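[1] sequence? don't have it. structure:
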């Protein structure tokens, strides 16, 4: 109960800072919205081809990729905020308190997850007038996956930020990781339409299976192998990310 209370305190403080300065959250949402309005309509004539006949709704293919992209990139760069707090002495102040080191991380991660869920809902609502149709059960499960994915990348971002303590080191590292993940995950277009060698290469990326699983959920395929395999990978990634983040917070706060 003490850890939960301390987590809530850290979450409440972090959320107040986000509400006072929402520009970062708005900027992170702007890119998916631009993709939605400027790239999504281009997929309509080729939807049957890129989905291999699974659906004729272009946004059932495109929106799942966008919310996964939001969960990934929206949380991947939160470490920059932690570096700013480190330089301002906030982290040092946290270290002298008896608060649990796990709570110090969990409260911040919970804030990031809440922001991602709000952004995802805004993106889904914006897609409804454009023609998005999906079962509510699949959409809700997809939001759970986005929340877990956000927790994974937020934890890893905080972990790397505490280790590097420098924007100059963090920025190229994250950008170097983000681009291959984006290209091999099939976020914009399903990897099934690519050449065989590219499909085999993308199979290495767990995010490709997550995106495929979310697309299956948007079609209403709740208990298929694609959706369950995607859920398995996102849960595994969440466990790894939270464990790595908690270990770093304990080590750096020792």
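    Yep, that arrived. Predicted, not measured: the structure shown is a model, and the values here were computed from it.
[2] surely residue 248 meets residue 165?
    No. In this structure, residue 248 is not within contact of residue 165 by Cβ atoms under 8 Å, at 11.6 Å. Glycine gets a C-beta too; all of them are placed from N, C-alpha and C.
[3] which one's more surrounded, those two?
    Neighbours per residue (other Cβ atoms under 10 Å) separate residue 248 from residue 165, with residue 248 holding more: 20 against 15.
[4] tell me the contacts of that one?
    158, 159, 162, 163 (Cβ atoms under 8 Å, 6 or more residues apart in numbering).
[5] out of those, which comes closest to residue 89?
    Checking the contacts of residue 248 against residue 89 with Cβ to Cβ, the nearest one is residue 162 at 14.6 Å.
[6] pLDDT at residue 212, what is it?
    On the pLDDT scale, residue 212 is placed at 89.
[7] any idea how far the strand or helix carrying it is from the chain center?
    Per DSSP states H and E, residue 212 falls inside helix 206-218. Computed by Cα atoms, centre = their mean, to the nearest Å, the separation of helix 206-218 from the middle of its chain amounts to 13 Å.
[8] who does it touch, helix- and strand-wise?
    Applying 3 or more Cβ pairs under 8 Å, 6 or more residues apart in numbering; DSSP states H and E, one finds that helix 206-218 contacts helix 58-76, helix 136-164, helix 167-184, helix 225-252.
[9] and the angle from the second one to helix 58-76?
    Using axes from the mean of the first three to the mean of the last three Cα atoms, to 10 degrees, one finds that helix 136-164 and helix 58-76 are set 30 degrees apart in direction.
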